[in-house]
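# model the structure of this input:
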Amino acid sequence: MKTAKGFLLDWDGCCAIGNRIVPEAADFLRQHQNRTAIVSNNSTHTVGDFLSLLADEGIDMREDQVVLAGVEALNQAALSGSEPALVLGDPRMRALARSLGIEMVQQDAGLVVLLRDTRFSYRRLERAVNAIRNGARLIVANPDTTHPTGQGRLMPETGALLAAIRACVDVPSGAMDVIGKPSPHLFRKGCKALGTEHADTVMIGDNPLTDVRGASALGMRACLVDSPPGDFFRRLDQILKTA
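Reported below is the predicted structural model:
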């Protein structure tokens, strides 16, 4: 921690619980906002949503310092060409897809984009399964099956919806791109925003399967938040003050 030139921070379960920022995490971000980036598997909010929440806490971060799996999945879909896409996600993310020029359809999709979709239904599952069966490529925001909430409950995530799709149809590995952690995309983009090398950056997160594993694969050091986030950031503050 003392030698790190940059920090990548997970969001849910690390900086925030139930999308409410932990006070000690807010203190850390205010003190280190110029060398910190948020890298989150979140696929229901936009970068603007995050910047607004951070600004309310007196944290001034640039757009490129907030890297979100859902936004990046839609960016990749927009770059993939003009093929029509079935976008499974929150209404605000579908609005973002339209603003990016993605042609959204319900039938005959050449691309399926899977985000956390709180309106997921049998009909949407049927459409996705048949599109993939007919050769559509699949872009998945993240592989997480759940994330924690502020009431000690679990929130089903994008990976749970992916499991439903894969229970119905075989998805060839070459026909599916997973954008979020532990895939390298978010880590690389976060380091690019900070101008730091992987070896000089520390990933801080609460999930060993995504945060730690993904960082380690890139030669990046990682620190696991294995206690309440407030306790963790208090300890981290003490460590950095002795640097």
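
# where's Gly190 relative to Leu162, distance?
23 Å (Cβ to Cβ, to the nearest Å). Where you see a C-beta, it was placed from the backbone N, CA and C, and this is true even at glycine.

# the more surrounded of the two?
Gly190 (26 against 22; other Cβ atoms under 10 Å).

# buried stuff in the lowest-mean-pLDDT helix or strand in the chain?
Lowest on mean pLDDT, DSSP states H and E among the helices and strands of the chain sits strand 146-148, with a mean of 79. Judged by neighbour count using 16 or more other Cβ atoms under 10 Å, the buried positions of strand 146-148 are His147.

# the protein: helices as residue ranges?
23-32, 47-56, 69-79, 91-99, 122-133, 158-168, 185-194, 213-217, 229-241 (DSSP state H).

# can you read off the pLDDT for the closest residue to Ala163 other than its chain neighbours?
In space, Ala163 comes closest to Thr145 once its chain neighbours are excluded; the distance is 7.0 Å by Cβ to Cβ, 6 or more residues apart in numbering. According to the prediction, Thr145 has pLDDT 93.

# quick check: Thr145 touching Pro156?
Yes. Between Thr145 and Pro156 there is a contact under Cβ atoms under 8 Å: 7.2 Å.

# just the pLDDT for the closest residue to Ile59 other than its chain neighbours.
Spatial nearest neighbour of Ile59, chain neighbours left out: Leu29 (4.7 Å); criterion: Cβ to Cβ, 6+ apart. Turning to Leu29, the model gives it a pLDDT of 96.

# tally of neighbours for Leu29?
Counted with other Cβ under 10 Å, Leu29 comes out at 23.

# what about it, distance to Tyr122?
For Leu29, the distance to Tyr122 equals 41 Å [Cβ to Cβ].
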